[in-house]
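> Provide a 3D model corresponding to the input given below.
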Amino acid sequence: MFMLLTFIGVPVSVIGSLMHWPSIILFILYCLTIIALSSYMGRATESLAIVAGPRIGGLLNATFGNAVELIISVFSLKAGLVGIVLASLTGSVLGNLLLVAGLSFFVGGLKFKRQEFNVFDARHNSGLLMFAVMIAFVIPEVFSMNMNETKTLSLSIGISVILILLYLAALFFKLVTHRGVYQSGTEKEAHEEETPEWGKGKAIAVLLIATLAVAYISEHLVHTFEYVGKTFGWTELFIGVIIVAIVGNAAEHASAVLMAFKNKMDVAVEIAIGSTLQVAMFVLPVLVLISLFFDESMPLIFTWQELIAMVSSVLLMVVISNDGESNWFEGLTLLAAYVIMGIGFFLL
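Model prediction:
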């Protein structure tokens, strides 16, 4: 089914965009095609996770998934849509922590009574999440109240550079100096027993090709949002926080849920939380620096509604994940939080 959707959806999407088909038809077509491509990204991630381990597999999935969002955001910044970019990045944080992790915990929990993941990674990621969202995002908002635009932008640039450097240091810590030090027993067994569906080269090639296809389709999907928003009565904030974030992270959603269903929670958690950290500590700071080359720069300033939503999501995720275990009810709790925030952004 996904193979058929992919091989039909990609060329038809290209034809539809060139022939300017109705926006509603293109919106549905683009979404279905991205979901189909996401299934291939999920299979490639699973193969890489077996060959290279869950950390690298999850990291590669998050990187390729966020590459799509980075590309869309750069085009949006060039068009001066700073608010939409910040809203979509807020949506990525909420979507990964509440929707992706929630669906993973829920779907996996329906099949397995109790699932475990690396508690050391969970606690390490919790500290980085607290730093990235509750310090690096809140501080600019608080201090900017008594600053002009120039000083606010300077503060944003300084914080962005620090975030990028700390993110690179975190990767060096996990993948080089402390690789395998905090490896769980289940992780070692899975790595030794399983045979990957695809080799490393083929899996990376599939990820790269699928990412390029998703990037092309996603860029055109953005142009349908305005019409679809007017048709359904959606605001720009709701489109950015909910719709753009869900579609832009479709690959990670599919991959994480698939891993959880197969009881590979180390990979699922690494995708959900690892992607959040990459957005907060790398993608967003890079976009702040890239915006300096455009007519309108993007300071690291969110609305209070966005900040409170992100901080609440981080606190909830830290409390739920710090024991290194999950079940369907914890997943349902995360999903309920996402729905509540979605209603709030819809009515705002």
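> got a pLDDT number for Tyr338?
At Tyr338, the pLDDT value in this model is 94.
> what helix or strand is it on?
Secondary structure assigned from DSSP states H and E places Tyr338 in helix 328-347.
> How about residues contacting that helix?
The set of residues external to helix 328-347 that reach it, using Cβ atoms under 8 Å, 6 or more residues apart in numbering, is 94-95, 97-99, 101-110, 234-235, 237-238, 241-242, 305, 309, 312-313, 316-317, 320. The way it works is simple: take the backbone N, C-alpha and C, and place the C-beta from them, glycine included.
> how about 6 Å then?
Contacts of helix 328-347 from elsewhere in the structure, counted by Cβ atoms under 6 Å, 6 or more residues apart in numbering, are 98-99, 101-102, 105-106, 109-110, 237-238, 241-242, 309, 316, 320.
> Any of the residues you listed buried? List them.
For the contacts of helix 328-347, burial is judged from neighbour counts taken by 16 or more other Cβ atoms under 10 Å, and it is met by 98-99, 101-102, 105-106, 109, 237-238, 241-242, 309, 316, 320.
> In JSON lines: those, plus distance to Ala272 and secondary structure.
Written out in JSON lines, the entries for these read as follows (distance: Cβ to Cβ, whole Å; DSSP: H, G, I helix; E, B strand; the rest coil):
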{"residue": "Leu98", "distance to Ala272": "9", "secondary structure": "helix"}
{"residue": "Leu99", "distance to Ala272": "9", "secondary structure": "helix"}
{"residue": "Ala101", "distance to Ala272": "4", "secondary structure": "helix"}
{"residue": "Gly102", "distance to Ala272": "9", "secondary structure": "helix"}
{"residue": "Phe105", "distance to Ala272": "9", "secondary structure": "helix"}
{"residue": "Phe106", "distance to Ala272": "12", "secondary structure": "helix"}
{"residue": "Gly109", "distance to Ala272": "14", "secondary structure": "helix"}
{"residue": "Leu237", "distance to Ala272": "23", "secondary structure": "helix"}
{"residue": "Phe238", "distance to Ala272": "22", "secondary structure": "helix"}
{"residue": "Val241", "distance to Ala272": "18", "secondary structure": "helix"}
{"residue": "Ile242", "distance to Ala272": "17", "secondary structure": "helix"}
{"residue": "Ala309", "distance to Ala272": "17", "secondary structure": "helix"}
{"residue": "Leu316", "distance to Ala272": "13", "secondary structure": "helix"}
{"residue": "Ile320", "distance to Ala272": "12", "secondary structure": "helix"}
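> Closest one of those residues to Ser17?
Ile242 (23.4 Å; Cβ to Cβ).
> Excluding chain neighbours, give the residue nearest to that closest one in space.
Gly342 (5.4 Å; Cβ to Cβ, 6 or more residues apart in numbering).
> confidence score at the one you found?
We note a pLDDT of 90 for Gly342 in this prediction.
> Now whatever helix or strand Ser160 lives in: buried residues?
Element membership of Ser160, judged by DSSP H and E, is helix 149-172. Along helix 149-172, the positions that meet the burial threshold by neighbour count (16+ other Cβ under 10 Å) are 152-153, 155-157, 159-160, 163-164, 166-167, 170-171.
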